[in-house]
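Q: next comes the sequence, and after it the predicted model I'd like to discuss.
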Amino acid sequence: MPKLVAITGATGFIGSVLIKKLIQDNWAVRALTRTARFSDDESIQWIVGDLNNLSALHRLVDSVPYVIHCAATVRGNTFQEFAQTNIEGTKNVLRAVSEQQQAPRFLLISSLAARQPELSWYARSKYLSEQVLTEQSEKLLWTIFRPTAVYGPGDKELKPLFQAMHRGLLPVVGKINNRFGLIHVHDLVAAIQVWLESEKAVQGIFELDDGISGGYSYQSLIALAQLLWNRPVRGVRIPNLLIRNVALANLWLARILRYSAMLTPGKVNELQHPDWVCDNTKIMNALPGWQPRILLRDVLSETLTT
């Protein structure tokens with residue numbers, strides 16, 4: 001009989017890849033969705049609701065041995081918008097979990113941005129959502145993953161950057177030698193699978209990337225693109241004053257026109273931060289069955305179309 005896992009954020013980028021892989025591996029999935037979905041696959045049960053719907057959350061986590069909380073928002077025009085989903089949403093999921101007769105293992109998919117909560121509303125909300133979980137340390141077997149920037153099939157954030165490189169221009173926000181990590185969504189999903197299959201509970205906060213020592217820089221991305229595509233790629237540095245004024249204008253326009261802004265002053269802070277590199281040693285020791293296997297150089301061309 002398949003083992004059962006409950007997932008929030010199942011219709012998002014990471015969540016949709018995750019549920020496909022779990023079903024392939026004979027897992028039964030119970031997934032939260034805002035709108036009704038129908039599937040002929042008996043391996044997945046859709047629960048209609050959102051992170052504010054406690055009744056739906058109770059149905060989602062009822063008698064499941066594993067809960068994976070992927071749902072989060074990366075766009076917002078105020079801190080309160082981020083807090084409502086990322087902090088209060090986590091509280092609501094944990095409230096439903098705490099009322100179960102037997103507590104499940106709980107995995108929060110956070111972000112490396114939580115390491116620097118002072119930079120943005122998003123980073124602060126992810127850090128505080130982690131704090132909500134760690135306060136349950138005596139009542140719950142919990143784990144937190146902090147992936148670096150995630151890319152792969154279905155990604156809408158990094159794909160435009162890779163496409164711009166393919167056209168010969170790489171926008172540079174901050175210093176050209178700033179360092180950052182990347183991880184393919186399939187490697188992140190593989191880490192989640194090993195966490196699910198682990199015989200003993202793994203507790204702690206774990207950062208993870210693709211294992212490239214020292215991560216990447218704009219310079220290294222340019223060099224990689226030129227090598228793979230045999231054409232010149234130019235790094236175009238966007239002046240600080242310009243990008244900040246554009247971000248501020250976008251934020252105010254978003255508030256007026258009622259759309260959720262991605263480029264905000266806080267996002268600029270994140271993009272200009274000099275060090276988004278992490279070390280996989282801790283997670284590889286805790287989950288010895290996992291190691292990253294996909295490098296950007298091997299899949300960069302296919303990211304343009306997937």
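A: Great, that's in hand.
Q: so where do the helices sit in this protein?
A: Here the chain has its helices, by DSSP state H, at 13-24, 54-61, 79-82, 89-98, 121-134, 159-166, 185-197, 218-229, 240-257, 265-272, 281-286, 296-299.
Q: I'd like those helices laid out as JSON lines, including distance to residue 147.
A: All C-beta spots, glycine's among them, are computed from the backbone N, C-alpha and C. Shown next, in JSON lines, are those (distance: least, C-beta to C-beta, whole Å):
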{"stretch": "helix 13-24", "distance to residue 147": "8"}
{"stretch": "helix 54-61", "distance to residue 147": "23"}
{"stretch": "helix 79-82", "distance to residue 147": "18"}
{"stretch": "helix 89-98", "distance to residue 147": "17"}
{"stretch": "helix 121-134", "distance to residue 147": "11"}
{"stretch": "helix 159-166", "distance to residue 147": "17"}
{"stretch": "helix 185-197", "distance to residue 147": "5"}
{"stretch": "helix 218-229", "distance to residue 147": "18"}
{"stretch": "helix 240-257", "distance to residue 147": "24"}
{"stretch": "helix 265-272", "distance to residue 147": "14"}
{"stretch": "helix 281-286", "distance to residue 147": "10"}
{"stretch": "helix 296-299", "distance to residue 147": "14"}
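Q: highest average neighbour count across the ones you listed?
A: helix 121-134 (a mean of 22; mean count of other C-beta atoms under 10 Å).
Q: which strands and helices sit next to that helix?
A: helix 79-82, helix 89-98, strand 105-109, strand 141-147, helix 265-272 (3 or more C-beta pairs under 8 Å, 6 or more residues apart in numbering; DSSP states H and E).
Q: tell me what angle the second one forms with helix 121-134.
A: In other words, helix 89-98. In terms of direction (axes from the mean of the first three to the mean of the last three C-alpha atoms, to 10 degrees), helix 89-98 departs from helix 121-134 by 20 degrees.
Q: between helix 89-98 and strand 105-109, how many degrees?
A: Comparing the axes of helix 89-98 and strand 105-109 via the same axes, to 10 degrees yields an angle of 170 degrees.
Q: got the contact list for helix 89-98?
A: With C-beta atoms under 8 Å, 6 or more residues apart in numbering as the test, helix 89-98 has contacts from 8, 51-52, 54, 57-58, 60-61, 67, 69, 71-72, 103-104, 106, 108, 129, 132-133, 136, 139-140.
Q: now swap in the fourth one and tell me
A: Residues lying outside strand 141-147 but in contact with it, judged by C-beta under 8 Å, 6+ apart, are 103-112, 114-115, 130, 133-134, 136, 183, 188, 191-192, 195, 201-209, 278, 283.
Q: what's the angle between it and helix 185-197?
A: Orientation check (the same axes, to 10 degrees): strand 141-147 against helix 185-197 gives 170 degrees.
Q: next: the longest one.
A: Here helix 89-98 points in a direction 30 degrees away from that of helix 185-197 (the same axes, to 10 degrees).
Q: cool, the third one as well?
A: Inter-element angle recorded for strand 105-109 and helix 185-197: 160 degrees (by the same axes, to 10 degrees).
Q: which other helices and strands contact strand 105-109?
A: When contacts are defined as 3+ C-beta pairs under 8 Å, 6+ apart, strand 105-109 packs onto strand 66-69, helix 89-98, helix 121-134, strand 141-147, helix 185-197.
Q: alright, that wraps it up for me.
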